[in-house]
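**Student:** build me a model:
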Amino acid sequence: MAQEKTKQEIVAQLQKDILLLQGFKPNHGTTQCIGLGPIEAGFPNAVFPIAAIHEFLCSTPEIAASSQGFIAGILQQLMQNDGTCIYISQSRSLFPTALFAYGVQPHQMIFIDVGTERDVLWAMEEALKCKELAAVIAEVRDISFAQSRRLQLALEKSQVTGFILRTAADRIATTACVARWQIKPILSEQVDGLPGLGFPRWQVELLRVRNGNPGVWQLEWKAGQFAVVTAAETSDVRRRKTG
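**Tutor:** Okay, the predicted model is just below:
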């Protein structure tokens, strides 16, 4: 029995060590470190994984814009104390002033525009090695397992968090990314009977998460933080639209 218990303890410790290497931090009494509410319960230790690569499937411009807004809300937490984020792309689609709505100042963002997708991945890998950064975001059409693995290795010492906006989402290959997301826009609450003026709302799909539990949630960015959209609120918006 004693020997069996020792084996179990060794396995448990190895699992904890692996989770730490993958960006999953221990839960020290809080599940709201990023403010994602029930979504964070889907991660090991109920903590959003930092020092890891997150992959976002962006098959349309609308989904890409929703992903950028969702990531901006996360950046508000990651970039506290005047942190800095690098955004790398071939043809930038993010409007810097829009970041104000998510509590991120445009001067906290450094935009790097390059000529080829190969340059995007190279620049991201180099940026992820810089421990002075809070996060790195890159727009790419596609990424292989080997390329994503290189990115994960690059951030292991720096502990920077990486976000990939993957625009060729029609063919989904296996990657080393710790989580795969898809963020779709949904109807916002009407203001004075006018559609499109309410706070942004999304259907957040955590399609895959290493050692965690995928799921689907509806969130809203309201009063400077994420808020869960209830079924009653969603039904009310649809009723007003059809009415």
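
**Student:** quick check: P49 touching V178?
**Tutor:** Yes - taking contacts as C-beta atoms under 8 Å, P49 lies within contact range of V178: 5.2 Å. All C-beta atoms are positioned from the backbone trio N, CA, C, and that covers glycine.

**Student:** quick one: the helices in this protein?
**Tutor:** Using DSSP state H, the helices of the chain run over 2-21, 61-78, 117-128, 145-154, 231-242.

**Student:** can you pull the contacts of A176?
**Tutor:** I53, F145, S148, R149, L151, Q152 (C-beta atoms under 8 Å, 6 or more residues apart in numbering).

**Student:** show me the shaky parts of the protein.
**Tutor:** Within the chain, the ranges that satisfy pLDDT under 70 run 1-5, 7-33, 169-171, 190-197, 231-243.

**Student:** try it again with 80
**Tutor:** Along the chain, the model assigns pLDDT under 80 to residues 1-33, 169-173, 189-198, 231-243.

**Student:** and the strands in it?
**Tutor:** 53-57, 85-89, 109-113, 135-140, 161-166, 179-186, 201-209, 215-222, 225-228 (DSSP state E).

**Student:** give me the sheet partners of the second one and which way each runs.
**Tutor:** In this case it means strand 85-89. When pairs are called by DSSP bridges, strand 85-89 turns out to pair with strand 109-113 (parallel), strand 135-140 (parallel).

**Student:** point out the most buried one among the ones you listed.
**Tutor:** With neighbours taken as mean count of other C-beta atoms under 10 Å, those reach their highest mean count in strand 135-140, at a mean of 25.

**Student:** which residues touch that one?
**Tutor:** 64, 71, 75, 78-79, 83, 85-93, 117, 120-121, 123-124, 127-128, 160-167.

**Student:** show me what counts as buried in stretch 152-159.
**Tutor:** Within stretch 152-159, the residues scored as buried using 16 or more other C-beta atoms under 10 Å are Q152, A154, L155, S158.

**Student:** Y102: which of those residues is nearest?
**Tutor:** Nearest to Y102, judged by C-beta to C-beta, of the buried residues of stretch 152-159 is L155 at 22.8 Å.
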